[in-house]
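J.: Structure of the sequence below:
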Amino acid sequence: MRGITTLVLLSSLCLVTACGALRSLDSSTEVNDSDTIVLAGEGRDVREDRTTIWEAFGPRKSEQRVQVNRYLWAASLEVLDFLPVDSVDPFTGVIVTGYGTPPGGGRSYRATVHIKDPALEARSLNVALQSRGGAVSAQTARAVEDAILSRARQLRMADKKI
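T.: Below is the predicted model:
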């Protein structure tokens, strides 16, 4: 009976020790006063990357929140629908298109749209236009941004009436 008790105590001690009492630090890390491991030159908290035993066996938190304004996203795709879409990333808010010619126009353009804020504001939208001959005028890019913002406001007002 005494041997079993000793075995249980030693096993418990090993389990507690293995759960994080010993952690190794390599030469690229440093420990500051708040017991936070900071990678040299990066300034980010390594504790965010670790998983605790409670997180490992708890419910999964796989839900990701999108921080892009949905009206700006839909309006960008509608206004630039004459351009073929090369890639979209709703998590970062980037839409990249290929070259296309607008209806009634003779010049082909390509666009990169970046929606960087969930607010429906002009500062949330960044549009970069390029033609085959190089960069386009600032007035043309501003006209496309204004068209996207106007369409986004129309979509929002139509959504509120429902």
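J.: ok, how many other residues are close to R123?
T.: Residues contacting R123 under the criterion other Cβ atoms under 10 Å number 8. C-beta coordinates here come from the backbone N, C-alpha and C atoms, glycine included.
J.: before we move on, which element is the residue lying closest to it once chain neighbours are set aside in?
T.: Once flanking residues are discounted, R123 sits nearest to D117: 6.8 Å by Cβ to Cβ, 6 or more residues apart in numbering. Under DSSP states H and E, no helix or strand contains D117.
J.: all strands of the chain, in order?
T.: Applying DSSP state E to the chain gives strands spanning 29-31, 37-39, 85-89, 94-97, 109-115, 125-131, 134-135.
J.: still on that earlier bit, the residue nearest to R123: how many residues sit nearby?
T.: Using other Cβ under 10 Å, D117 has 15 neighbouring residues.
J.: Contacts for stretch 111-125 next, please.
T.: The contact list for stretch 111-125 (Cβ atoms under 8 Å, 6 or more residues apart in numbering) reads 67-69, 71-73, 76, 80, 83, 92-97, 126-130, 144-145, 148-149, 152-153, 156.
J.: how does it look with 6 Å?
T.: 67-69, 71-72, 76, 80, 93-97, 126-129, 145 (Cβ atoms under 6 Å, 6 or more residues apart in numbering).
J.: Only whichever of those are buried, select them in ChimeraX.
T.: With 16 or more other Cβ atoms under 10 Å as the criterion, this ChimeraX line picks the buried residues out of the contacts of stretch 111-125:
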select :68,69,71,72,76,80,93,94,95,96,97,126,127,129,145
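J.: quick one: the residue nearest to R123 and W73, what's the gap?
T.: To W73, D117 is 12 Å away according to Cβ to Cβ, to the nearest Å.
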